[in-house]
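Student: Quick one, fold the following:
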Amino acid sequence: MGLGTRSEPFSRMQSVPPPLPPHGPPHGVPSSWWSRHWKGTVVLLLLLLGGGIAAFFFAILALMKNSEVYQEALARVRASQEVRRELGEPIEAGLLVWGEVSTGTHGGKARLYFSVVGPHGEGAVTVNAIKTDTLWTFRRLSVATGENKNSINLVARGDSLE
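Tutor: A predicted model of the protein is given here:
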C-alpha cells in the first residue's frame, strides 16, 4: 500500500477519539443546581448572616444612644465648662456606646461608657445611674481627659433627671 491509495484515509478515520475531560458529567447529562452554584450560595449566605449581625448591633447601639439617660449625660458633658476647656468646642459623641440600660415598671439602672471628642482632645465618659419610678439619679458621671486621664466629676449633690 503505497502513498495515495484509498486505504490510507480510511485508516485515519478509525483512529482513537480524544479522551473525555477529567471533570464534569459526560456530555448531555445535566449537573445539579447545587453543584453548579454552591460557591455563590455560600458567599450569599455568609453576606446575609454578616448583614443581619451588623443590623442587630446597630439597632442596639441606636436604642442605647436614644435612651433618656445617655442623652442627658451627653448634654451635661457638653454643658460642662471644665470639659469644654479641656476638649474645646464643639464636643461630639463617639460612634460606640458600651454598657447597659435596663428599665422596668418601678425603676431601672444604667451603666454606660462612651467617648467624646473635641478640637483639643478626647475623653472617656463613665455613667452610672439608677431610676426610681420616673426619676433618674446619676451616681457617677465623669469624663477622663488628657494623657493622664484627669477625671472631671459632673455629678452634683442631688443630681437627678425626671
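Student: check contacts around residue 112.
Tutor: For residue 112, the contact set (CB atoms under 8 Å, 6 or more residues apart in numbering) comprises 64, 69, 70, 73, 97, 98, 99, 100, 101, 125, 126, 127. (Each C-beta comes from the backbone N, C-alpha and C, glycine too.)
Student: Can you say which of those residues are buried?
Tutor: The neighbour count (16 or more other CB atoms under 10 Å) marks 64, 69, 70, 73, 97, 101, 125, 126, 127 as buried among those.
Student: Which stretches in the chain count as helices?
Tutor: Along the chain, the stretches classed as helices by DSSP state H are 7-13, 33-65, 68-79, 81-87.
Student: I'd like the average pLDDT over the first one.
Tutor: This points to helix 7-13. Average pLDDT, helix 7-13: 57.
Student: And the longest one, by the same measure?
Tutor: Mean pLDDT, helix 33-65: 92.
Student: JSON lines for the helices of the chain, including distance to residue 106?
Tutor: JSON lines is the format used below for the helices of the chain (distance: least, CB to CB, whole Å):
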{"stretch": "helix 7-13", "distance to residue 106": "96"}
{"stretch": "helix 33-65", "distance to residue 106": "21"}
{"stretch": "helix 68-79", "distance to residue 106": "16"}
{"stretch": "helix 81-87", "distance to residue 106": "33"}
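Student: Pick the most deeply packed of those.
Tutor: helix 68-79 (a mean of 19; mean count of other CB atoms under 10 Å).
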